[in-house]
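Novice: This is a predicted model, with the sequence first.
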Amino acid sequence: MTKAIRIDDLQMQYNKRIVLSVPGLEIPEGSITGIIGPSGAGKSTLLRIINRLESPTRGKVYLHEQDVWNQRSENMKLQRTMTMVFQKPTLLDKSVFQNVAIGLKARNVDKKILDEKVLSALKTVGLLELKDQKAKTLSGGEAQRVAFARAMVLDPEVLLLDEPTANLDPANVRLLEDYIRNMNQKKGVTVIMVTHNLFQAKRIASHVAFLYEGNLVEWGEASRFFDAPNKQQTKDFLEGRIIY
Ligand SMILES: Nc1ncnc2c1ncn2[C@@H]1O[C@H](COP(=O)(O)OP(=O)(O)OP(=O)(O)O)[C@@H](O)[C@H]1O
């Protein structure tokens, strides 16, 4: 197994309270890894730390065996290969097209290539016809598809998703799950997805990590995890004895 991400002895404290403790975790390259656990378990904190939005109190995160906090230039380039989509998409008060183009513009991508990539991504998420519409006027499902297209055009190696389908209707949930699967299978993108939804994790995750009260209880291949969990806490969670 080649690993995309390796976490070593990670700890996060807020106001001296330990909210996350992950002694070790490996995210296999090309996997869809679901981060699951009840509310407040530390799932979003873990994702934010992986994406360098917050620095941990202790420990390290390695992307392709390079410390993500190392500021060397080749390392910074590597970090650009990670992209995150949040539960509530933050769209600018601009057109759908311009919202999708943002990351490419920041990278000074040639206009012709930019146009091609943005239009192709909008086609994939079924929003080509809305390309000139103001993003603020979109429905929740459409807005999340724009956020997804914005991540797609950057051709990330690692895609970080924080509850990307929460609050969406079943049809949009299906669409987004299809995009996630496609990016994973056709482009080999490693996906790390925080989800509350066990059914969703069962549907699309190849690997699962279970967090409970800030502790990484168990992780591994999804089929083994769901069929034969090792830990009593995992069994309790899967059987609904731990309240969300
Ligand atoms: N900036 C912060 N300052 C203080 N405490 C924080 C901060 N961010 C998160 N926490 C606390 O850390 C714990 C973990 O939060 P986190 O958002 O990672 O949980 P989660 O598993 O993603 O929860 P949910 O599923 O409800 O989103 C919570 O108790 C939360 O209150």
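Specialist: Structure received. Residues are numbered from 1 along each chain as shown.

Novice: need the contact list for the residue of the chain positioned farthest from its centre.
Specialist: Relative to the centre of the chain, the most outlying C-alpha is that of residue 112, 28.7 Å out, by Cα atoms, centre = their mean. Neighbouring residues of residue 112 by Cβ atoms under 8 Å, 6 or more residues apart in numbering: there are none. C-beta: built from backbone N, CA, C; applies to glycine.

Novice: State the distance from it to residue 154.
Specialist: Taking Cβ to Cβ, to the nearest Å as the measure, residue 112 falls 17 Å from residue 154.

Novice: Sketch out the low-pLDDT regions of the chain for me.
Specialist: Low-confidence segments of the chain (pLDDT under 70): 71, 73-79, 243-244.

Novice: For it, which segments count as strands?
Specialist: With DSSP state E as the criterion, the chain has strands at 3-14, 17-28, 32-36, 58-63, 66-67, 82-85, 158-162, 190-194, 207-212, 215-221.

Novice: Could you save these as CSV and add columns showing mean neighbour count and distance to residue 142?
Specialist: As requested, the strands of the chain are exported to CSV (neighbours: other Cβ atoms under 10 Å; distance: least, Cβ to Cβ, whole Å):
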stretch, mean neighbour count, distance to residue 142
strand 3-14, 18, 30
strand 17-28, 18, 30
strand 32-36, 27, 24
strand 58-63, 18, 31
strand 66-67, 14, 37
strand 82-85, 20, 14
strand 158-162, 24, 17
strand 190-194, 26, 20
strand 207-212, 24, 30
strand 215-221, 18, 34
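
Novice: Turn those strands into CSV, columns for distance to the ligand.
Specialist: Shown next, in CSV, are these (distance: least, Cβ to the nearest ligand atom, whole Å):
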stretch, distance to the ligand
strand 3-14, 3
strand 17-28, 3
strand 32-36, 8
strand 58-63, 15
strand 66-67, 22
strand 82-85, 14
strand 158-162, 8
strand 190-194, 6
strand 207-212, 6
strand 215-221, 12
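
Novice: thought residue 207 was touching residue 32?
Specialist: Yes - with contact defined as Cβ atoms under 8 Å, residue 207 and residue 32 form a contacting pair (7.2 Å).

Novice: The ligand contacts on this protein?
Specialist: 14, 19, 37, 39, 40, 41, 42, 43, 44, 45, 196 (Cβ under 6 Å from any ligand atom).

Novice: Farthest-apart pair in those residues, please.
Specialist: Greatest spatial distance among the residues of the chain next to the ligand (Cβ to Cβ): 14 and 196, at 21.2 Å.

Novice: For the ligand, see how far away the residue nearest to residue 165 when sequence neighbours are not counted is.
Specialist: Nearest residue to residue 165, sequence neighbours excluded (Cβ to Cβ, 6 or more residues apart in numbering): residue 173, at 4.5 Å. Here residue 173 is placed at a distance of 17 Å from the ligand (Cβ to the nearest ligand atom, to the nearest Å).

Novice: Tell me how many other residues surround residue 173.
Specialist: Counted with other Cβ atoms under 10 Å, residues neighbouring residue 173 total 20.

Novice: Renumber starting at 24 from here on
Specialist: In the new numbering, first residue 24, that becomes residue 196.

Novice: and it, how far is that from residue 251?
Specialist: Counting by Cβ to Cβ, the separation of residue 196 from residue 251 is 28 Å.
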